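Trainee: fold the following for me, if possible:
(chains A and B)
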Amino acid sequence: MTEFLLGAAGFVLLTVAIGLIRVLGGPGNVDRTMAVQLLGTGGIAALLLVAAATGVRGAEDVALGLALLAAFASVAFVNSAAPEDDREAGRANE
Amino acid sequence: MSVIQALDISLAVLVLAVAIWTIVSRDAFAAVVGYVAYGLLVSLVWVRLFAVDVALTEAAIGSGVTGVLLISAAVRLRGTEAAVAAEWPGAGSRVLAAALCMVVTAALAAVVLTMPDPGATLAPEAARHLAETELGNPVTAVLMAFRALDTLLEKVVLFLAVIGVWSLAADGNWGGIAGPRRATNRQGALAFLAQLLPPVGIVVAIHIVWIGANEPGGAFQGGAILAAMWMIVIMARLAEAPAIGERRLRLALVAGPAVFLAVGLMGFAVANAFLAYPAGLAKPLIVFVEVFMTLSIAVSLPMLVLGPPDRPSS
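Mentor: Model prediction:
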């Protein structure tokens, strides 16, 4: 069972790695942002599989943290990709 | 080669590949994406090294908060990228820089490889006295009991960093607000995600602080997740950051170091030493201090990321 879980983790990691090659290349920043989402999802899957196989305590909490923070990073990326800050627009109107 | 070894090697190759991609990448935004991805991978490495506390910190600080800080920097520097690209260094200086970097890397590798095995360690000592702190997590015991002074000073440094950032404010903006204005129109996927994620995040953060006494976790990791949740709400323009002149904000900023210091001074009276805990009360006191530290960390990190106030509060 341990071997199977580790093999599955390796497979997930491999698909993520292949996906990363394509996604990180872009061409746009939005495409690259998807790399973090891909790694977030795949990384959590691999992490949980490896943790179950090797019996690391507390790995579930790391998975929870990673899930939250990958979503957080996507918010930050989307926010920065907005054409110009509303703040600047507001200032121009004042 | 067993399956686990193959897995570790492929993880290491992936980390190196993403690191090289980040360095080689010419576009600042792309490099930040690479850096955040790198942080996520490194936290997997820490789990493989059975350092789950470090993995949590790396996920929260390395990829989360630092990532946002770098993204804001990249956005601000967008206008200057063309000028930087025009000042591209010649082949000679690039080769020199690469050579110097490789020398430093080789020196570091040599030092690590020549370390005595097993190295000098206080781990058995810490494990022996773990029971006296009534804690189950040795990392928390080191941070909050054996090396409590370091942790106290760390929190003071965080507080000083916030003062340093605020001191960059223009005179007219002192006491004002940093970050984007609240939006009048709250539609869209971003606003929805910012309403959906924080309730879950707050529960996870409290869980990680609470469980930190006995399992991997603690005030810093939980505080950083809380900080991230607050920043989502600010970035999605659901709420504005508080004015830096606000009393509640300032109280929250000093609460952690102040309570820690007060408990430390109390140690003189009840346990004959600074930062010593009376027997039997160590764990409740540590958890008490951690609650206030979590609050201060959750408030300090967004203040550091948002930067100095750039408009008056009224």
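Trainee: what's the closest non-adjacent residue to residue B:239?
Mentor: The shortest distance from residue B:239 to any non-neighbouring residue, by Cβ to Cβ, 6 or more residues apart in numbering or on different chains, is to residue B:233 (5.1 Å). Every C-beta, even on glycine, is put in place using the N, C-alpha and C of the backbone.
Trainee: so where is chain A shaky, pLDDT-wise?
Mentor: Where chain A drops to pLDDT under 70, the residues are A:81-94.
Trainee: residue B:79 and chain A: what is the separation?
Mentor: 11 Å (Cβ to the nearest Cβ, to the nearest Å).
Trainee: okay, now that residue: neighbour count?
Mentor: 8 (other Cβ atoms under 10 Å in any protein chain shown).
Trainee: one step back: please identify which helix or strand holds the residue nearest to residue B:239.
Mentor: helix B:219-235 (DSSP states H and E).
Trainee: ok, then the element right after that helix?
Mentor: Next along from helix B:219-235, by DSSP H and E: helix B:247-271.
Trainee: quick one: contacts for the most centrally placed residue in chain A?
Mentor: In chain A, the residue lying closest to the centroid (Cα atoms, centre = their mean) is residue A:40, at 2.5 Å. By Cβ atoms under 8 Å, 6 or more residues apart in numbering or on different chains, residue A:40 lies in contact with A:66-67, A:69-71, A:73, B:40.
Trainee: what strand or helix carries it?
Mentor: Going by DSSP H and E, residue A:40 is in helix A:29-54.
Trainee: what comes up buried for the helix or strand immediately after that helix in the chain?
Mentor: Scanning forward in sequence from helix A:29-54 by DSSP H and E, the next helix or strand is helix A:59-81. Neighbour-count burial for helix A:59-81, counted by 16 or more other Cβ atoms under 10 Å in any protein chain shown, picks out A:59, A:61-80.
Trainee: show me what helix A:59-81 is packed against.
Mentor: On a contact count with 3 or more Cβ pairs under 8 Å, 6 or more residues apart in numbering or on different chains; DSSP states H and E, helix A:59-81 meets helix A:29-54, helix B:28-48, helix B:52-57, helix B:66-76, helix B:189-211, helix B:219-235.
Trainee: so which of those helices gets nearest residue B:106?
Mentor: helix B:28-48 (21.2 Å; Cβ to Cβ).
Trainee: using CSV, write out every CA atom in the closest one.
Mentor: C-alpha atoms of helix B:28-48 as CSV (Å, rounded to 0.1, in the frame of the first residue of the first chain):
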residue,chain,number,x,y,z
ALA,B,28,9.4,40.7,-13.0
PHE,B,29,5.9,39.4,-12.8
ALA,B,30,6.8,36.0,-14.2
ALA,B,31,9.7,35.8,-11.8
VAL,B,32,7.3,36.5,-8.9
VAL,B,33,5.0,33.7,-10.1
GLY,B,34,8.1,31.4,-10.3
TYR,B,35,9.1,32.4,-6.7
VAL,B,36,5.6,31.7,-5.3
ALA,B,37,5.6,28.3,-7.1
TYR,B,38,9.1,27.7,-5.7
GLY,B,39,7.8,28.5,-2.1
LEU,B,40,5.0,25.9,-2.5
LEU,B,41,7.5,23.3,-3.7
VAL,B,42,10.0,24.0,-0.8
SER,B,43,7.2,23.5,1.7
LEU,B,44,6.7,20.0,0.3
VAL,B,45,10.5,19.5,0.7
TRP,B,46,10.2,20.5,4.4
VAL,B,47,7.4,18.0,4.9
ARG,B,48,9.7,15.3,3.4
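Trainee: can I get the helices and strands packed on helix A:59-81 in TSV with distance to residue B:159?
Mentor: Formatted as TSV, the helices and strands packed on helix A:59-81 follow (distance: least, Cβ to Cβ, whole Å):
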stretch	distance to residue B:159
helix A:29-54	31
helix B:28-48	25
helix B:52-57	19
helix B:66-76	18
helix B:189-211	19
helix B:219-235	13
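Trainee: out of those helices, which is closest to residue B:293?
Mentor: It is, among those and with distance given as Cβ to Cβ, helix B:219-235, at 4.2 Å.
Trainee: CA atoms of that closest one as CSV?
Mentor: Extracted in CSV, the C-alpha atoms of helix B:219-235 (Å, rounded to 0.1, in the frame of the first residue of the first chain):
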residue,chain,number,x,y,z
ALA,B,219,1.3,31.7,16.6
PHE,B,220,3.4,32.7,13.7
GLN,B,221,1.9,30.3,11.2
GLY,B,222,-1.7,31.0,12.3
GLY,B,223,-1.1,34.7,12.5
ALA,B,224,0.3,34.7,8.9
ILE,B,225,-2.8,32.9,7.6
LEU,B,226,-5.0,35.4,9.4
ALA,B,227,-3.0,38.2,7.9
ALA,B,228,-3.5,36.6,4.4
MET,B,229,-7.2,36.5,5.0
TRP,B,230,-7.3,40.1,6.0
MET,B,231,-5.3,41.1,2.9
ILE,B,232,-7.7,39.2,0.6
VAL,B,233,-10.6,41.4,2.0
ILE,B,234,-8.5,44.5,1.4
MET,B,235,-7.3,43.5,-2.0
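Trainee: contacts only, for the nearest residue to residue A:59 once chain neighbours are set aside.
Mentor: Once flanking residues are discounted, residue A:59 sits nearest to residue A:51: 3.2 Å by Cβ to Cβ, 6+ apart. Residues counted as contacts of residue A:51 (Cβ under 8 Å, 6+ apart) are A:59-60, A:63, B:47.
Trainee: what does residue B:48 give?
Mentor: Going by Cβ under 8 Å, 6+ apart, residue B:48 touches A:50, A:54, B:8, B:11.
Trainee: if we can go back for a sec, the residue nearest to residue B:239: neighbour count?
Mentor: 19.
Trainee: quick one: it from residue B:179, how far?
Mentor: Distance from residue B:233 to residue B:179, counting by Cβ to Cβ, to the nearest Å: 11 Å.
Trainee: same check on residue B:147?
Mentor: 35 Å.
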